[in-house]
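> Fold the following and give me the result.
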Amino acid sequence: MDNQVLSFSVSRPLHLHSARLLLTNNQIARSFTFQRHCTNVENLVESITGYDSRSWKQCAPKKGMLYFGPIKCVWAVLFALFVTLKTILQSKKKEPRNVSFDELVGVDATIKKIRHIIPILQGKSEAKKFGAELPDGLMLYGPQGTGKTTLVHALAREAGVSFFPISAHDMAKDDTGSIGIDTLFIEARAYSPSIVLIEDVDVIARKGRCESDPSLRQLDLEIESCNKDGSMVMVIVTPIKPETLDSASMRSCRFFKKVHMGLPDEDSRRKITGVHLNMVAREEDKEAICNLVASRTHGLVWDDIKSIAVDSKIFALSRGDDHVTMDDVLNALGMLNDSDD
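Predicted coordinates:
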């Protein structure tokens, strides 16, 4: 059987620096190399596949080619496709929600505290001119339902950077443990500048949790070192109360910039009601409806107000009307009060 030549390059999204495949023919081990054609993400596949990148860089046969039969050519191509597919499927990179700061209501003060991060992530010249540095991290804390996650999505969208959201609940359930966390940060550094959002970090970092937890120790280590190699990775955690975090286990968070997202005030509740009911309330009723909801919803969060708006629309539809009236809103408020009892 005639020998054939295989020589090809692998480009993004595989991101291989190089990869060595061992083939055996008549008990003789041979190897060939997939040559690199990528940016600075060569460590990504090493972490996902478990192959040592140092072994990838070993010399292949002369001129990077190996002569072998057509069947082995097919296996080589299948191997490359398998690694490519595995890399894509295990990627933690996501698209942020299609929301901007301008669309967020009642959080102007909070936006003002974090807006300066955008030009730093973007590497704008004015940020460099004034020596502005990326904070060690951001701790965005406050009650559930106040819009912390939505605000971070808007920040990623405004900055136009790669986004890596993950829930601490998933970390706690993830069988890969510290390996999964290591992979997450390797990919985030590879796509620098980027934002890593860790939601509900209280789940794994609350006081009383065992400090020997490998996932927690790996997370703390990655946060501390994520920007030391010249990368720009902004880590954002969203606990409910920062004092519930175990300072011994999460030493890296001690230097985070802390920003509070509190319950919406009356004016904010009035604005968000207008956003939800603007298209379905009659013009002459809008102001009265917004004032009513704002005055009756002290201590409630955005999700509660959204529920009131949804229930109001349902009551209107049940009457066969396309417009929400004051009575519909009162019925919706009554349902909310009944559910609290």
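
> quick one, what contacts the closest residue to residue 266 other than its chain neighbours?
Distance criterion CB to CB, 6 or more residues apart in numbering; nearest residue to residue 266, sequence neighbours excluded, is residue 294 at 4.9 Å. Every C-beta, even on glycine, is put in place using the N, C-alpha and C of the backbone. Residues in contact with residue 294, defined by CB atoms under 8 Å, 6 or more residues apart in numbering, are 266, 267, 269, 270, 273.

> what helix or strand is the last one on?
Think residue 273. Residue 273 belongs to helix 266-277 when elements are defined using DSSP states H and E.

> packing partners for that helix?
For helix 266-277, the elements it packs on are helix 283-296, helix 302-318, judged by 3 or more CB pairs under 8 Å, 6 or more residues apart in numbering; DSSP states H and E.

> So which residues of the protein form strands?
Taking DSSP state E, the strands of the chain run over residues 4-6, 9-10, 19-25, 28-36, 66-68, 138-141, 162-167, 194-199, 233-238, 257-260.

> which ones are touching residue 286?
With contact taken as CB under 8 Å, 6+ apart, residue 286 is in contact with 274, 277, 278.

> Report the contact partners of residue 189.
Residue 189 is in contact with 226, 229, 231, 233, counting by CB under 8 Å, 6+ apart.

> can you redo those as a markdown table with distance to residue 322, neighbour count and pLDDT?
Formatted as a markdown table, the entries for these read as follows, by distance: CB to CB, whole Å; neighbours: other CB atoms under 10 Å; pLDDT from 0 to 100:
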| residue | distance to residue 322 | neighbour count | pLDDT |
| --- | --- | --- | --- |
| 226 | 51 | 23 | 79 |
| 229 | 58 | 9 | 76 |
| 231 | 53 | 18 | 84 |
| 233 | 48 | 26 | 91 |
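
> Among these, which one lies nearest to residue 256?
Nearest to residue 256, judged by CB to CB, of those is residue 226 at 12.5 Å.

> correct me, but the closest one touches residue 185?
Yes: when contacts are counted by CB atoms under 8 Å, residue 226 is listed as touching residue 185 (5.7 Å).

> Need the overlap of contacts for the two.
Overlap between the neighbourhoods of residue 226 and residue 185 consists of 196, 233, taking contacts as CB under 8 Å, 6+ apart.

> who are the neighbours in contact with residue 256?
Counting by CB under 8 Å, 6+ apart, residue 256 touches 135, 136, 137, 138, 139, 235, 237.

> if you set the cut-off to 10 Å instead, what comes out?
For residue 256, the contact set (CB atoms under 10 Å, 6 or more residues apart in numbering) comprises 135-141, 223, 235-237, 242, 250.

> Residue 241 versus that one, what's the distance?
As defined by CB to CB, to the nearest Å, residue 256 lies at a distance of 14 Å from residue 241.

> same thing with residue 163?
Here the criterion is CB to CB. By it, residue 163 lies 25 Å from residue 241.

> between the two, which one's more packed in?
The residue with the greater number of neighbours, taking residue 163 and residue 241 and applying other CB atoms under 10 Å, is residue 163; the counts read 23 against 11.

> So the more buried one sits against residue 93, correct?
Yes: look at residue 163 against residue 93 with CB atoms under 10 Å: they come within range, at 6.9 Å.

> who touches both of these two?
Common neighbours of residue 163 and residue 93, using CB under 10 Å, 6+ apart, are 188, 191, 194.

> from memory the first one sits against residue 225, does it?
In this case it means residue 188. No: using CB under 10 Å, residue 188 makes no contact with residue 225, being 12.0 Å away.

> Which neighbours do the two have in common?
231, 233.

> Domains in this protein, by residue range?
Following automatic domain parsing, one finds the domains of the chain at 4-89, 101-260, 266-340.

> Hmm, residue 301 and residue 145 touching each other?
Yes: if you go by CB under 10 Å, residue 145 and residue 301 touch, sitting 3.5 Å apart.

> Look at the two and report which has more neighbours.
Under the neighbour definition other CB under 10 Å, residue 145 and residue 301 were set side by side, and residue 301 has more, 20 against 16.

> So, low pLDDT: which residues of the chain?
In the prediction, the chain carries residues with pLDDT under 70 at positions 1-73, 79-80, 82-90, 125, 127-132, 172, 174-179, 207-213, 249, 338-341.

> quick revisit: and residue 188 and residue 225? which has more neighbours close in?
Between residue 188 and residue 225, residue 188 has the larger neighbour count (other CB under 10 Å), namely 25 against 14.

> and the gap between the more buried one and residue 115?
If you go by CB to CB, the gap between residue 188 and residue 115 works out to 22 Å.

> Now stretch 296-316: buried residues?
For stretch 296-316, burial by neighbour count (16 or more other CB atoms under 10 Å) applies to 297, 300-302, 304-305, 307-309, 311-313, 315-316.

> Stretch 94-102 now?
Neighbour counts over stretch 94-102 (16+ other CB under 10 Å) mark 96, 99, 101 as buried.

> which one among the residues you listed gets closest to residue 202?
Comparing the buried residues of stretch 94-102 against residue 202 with CB to CB places residue 96 closest, at 22.6 Å.

> wouldn't the closest one be in contact with residue 236 here?
No: counting by CB under 10 Å, no contact exists between residue 96 and residue 236, whose distance comes to 11.9 Å.

> what residues do these two have in common as contacts?
By the contact definition CB under 10 Å, 6+ apart, residue 96 and residue 236 are jointly contacted by 152, 155, 156, 165, 195, 197.
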